[in-house]
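J.: take a look and give me a structure for this.
(one chain, ligands or ions: 1)
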Amino acid sequence: MTPPTADRDYWEDRARRHGPRAAGYSDTAMDAYEDRLRQSAIERLLGPGRGRSLLDAGSGSGRWSVRMADNGWLVTGADISESLIALAPPAPNVTYLHGAIEALDLPAATFDAVLSVTVLQHITDDRHFDAALDNLARMLRPNGLIAVLEYAPLRVIGHVPAYMRARSRGEWISAFTSRGFKKRSETGIRFLGHGPYMLAVHLARLLGHPDAQLITLRAVCRALDLTLARVPGLTLVADVRLITFEKVQR
Ligand SMILES: C[S@@+](CC[C@H](N)C(=O)[O-])C[C@H]1O[C@@H](n2cnc3c(N)ncnc32)[C@H](O)[C@@H]1O
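T.: As a prediction, the model looks like this:
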């Protein structure tokens with residue numbers, strides 16, 4: 001399937017404008033705040049690799065590919081943006097591939113696990129989204145795990161930017177369960193700490209203070225969010241979440 005040029009062009013343009021940072025939030029304070037929460041969720045739900053293979057689907061500039069390899073996974077990072085792949089740092093046990101998820105032509109059952117961090121939500125054409133999920137399912141071995149970290153509120157309300165196709169939590173779950181996956185685990189990413197911290201950042205900027213002065217507040221807000229992420233049931237109120245699914249052997 002030919003990759004959708006609008007999506008690819010969007011990421012190529014972002015890579016030109018922002019370099020390796022193109023794959024994260026444009027706001028550096030927001031990126032740094034949430035990054036730690038995402039890392040904790042991924043480590044908790046996926047665990048160490050112990051030599052197992054992982055596809056980092058939509059690897060961008062390699063942030064998760066390198067971290068997952070550091071945590072014992074043999075990683076293949078694949079991305080639709082040639083520029084972002086070129087910006088990804090070489091690392092032991094990481095191989096990068098240029099290509100759209102839906103077009104990756106690797107053998108069936110190649111990977112023990114798949115990780116996708118805010119990527120599938122950026123496939124704006126539903127036919128490509130379906131083809132991407134089918135191809136991920138094909139490349140994953142039976143009983144393998146797929147972990148998707150995406151914007152997945154209980155209900156999608158309000159304006160959604162053109163570079164995203166927003167889906168509710170229920171839509172994400174049914175996209176995988178309808179393909180024979182079983183939901184294994186779920187956690188929210190950001191909770192009560194996120195709002196006050198970002199408000200303080202914006203106020204500090206208005207008053208001409210650097211974000212660095214808010215390190216203590218950031219640590220407190222993050223500690224709160226890291227704690228709340230472990231409270232069973234509370235995950236439902238999060239808008240960004242990590243869900244893992246197992247490919248059930250048929
Ligand atoms: C928000 S960035 C996230 C990158 C990386 N996962 C991270 O968290 O740093 C979204 C990434 O998805 C990639 N992408 C979008 N559509 C894709 C597709 N169909 N196949 C592969 N990569 C895609 C973009 O090029 C971009 O690198």
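
J.: for the residue of the chain found nearest the ligand, which non-adjacent residue is spatially closest?
T.: Ranked by CB to the nearest ligand atom, the top residue of the chain for proximity to the ligand is Gly60, at 2.8 Å. No exception for glycine: its C-beta is placed from N, CA and C like everyone else's. Closest residue to Gly60 apart from its sequence neighbours, by CB to CB, 6 or more residues apart in numbering: Ala23 at 2.9 Å.

J.: one step back: and the residue of the chain closest to the ligand, helix, strand or coil?
T.: For Gly60, the secondary structure call by DSSP: H, G, I helix; E, B strand; the rest coil comes out as coil.

J.: what of Arg241?
T.: Of the three states, Arg241 takes strand according to three-state DSSP.

J.: then Tyr96?
T.: Using three-state DSSP, the three-state assignment for Tyr96 comes out as strand.

J.: could you point out the longest helix in the chain?
T.: Assignment by DSSP state H gives helix 28-46 as the longest helix of the chain.

J.: list of residues touching that helix?
T.: For helix 28-46, the surrounding residues in contact (CB atoms under 8 Å, 6 or more residues apart in numbering) are 21, 24-25, 63-64, 67-68, 71, 113, 115, 117, 145, 147, 149, 185, 187, 189-190, 194, 197-198, 201, 211, 214, 218, 221-222, 225-226, 229, 240, 242, 244.

J.: contacts only, for the residue most central in space within the chain.
T.: Among the residues of the chain, the one closest to the centroid is Val117, at 1.0 Å (CA atoms, centre = their mean). Val117 is in contact with Arg38, Ile42, Asp56, Gly58, Arg63, Trp64, Leu149, counting by CB under 8 Å, 6+ apart.

J.: recalculate using a threshold of 10 Å.
T.: For Val117, the contacting residues are 23-24, 38, 42, 56-60, 63-64, 147-150, 242, by CB atoms under 10 Å, 6 or more residues apart in numbering.

J.: what's the answer for Gly19, then?
T.: Shown in contact with Gly19 (CB under 10 Å, 6+ apart): Ser61, Ser83, Leu84, Leu87.

J.: just the ones of these in helices?
T.: Ser83, Leu84, Leu87.

J.: what sits against the last one?
T.: For Leu87, the contacting residues are Ala15, His18, Gly19, Pro20, Arg21, Ala22, Ala23, Gly60, Ser61, Gly62, Ser81, taking CB under 10 Å, 6+ apart as the criterion.
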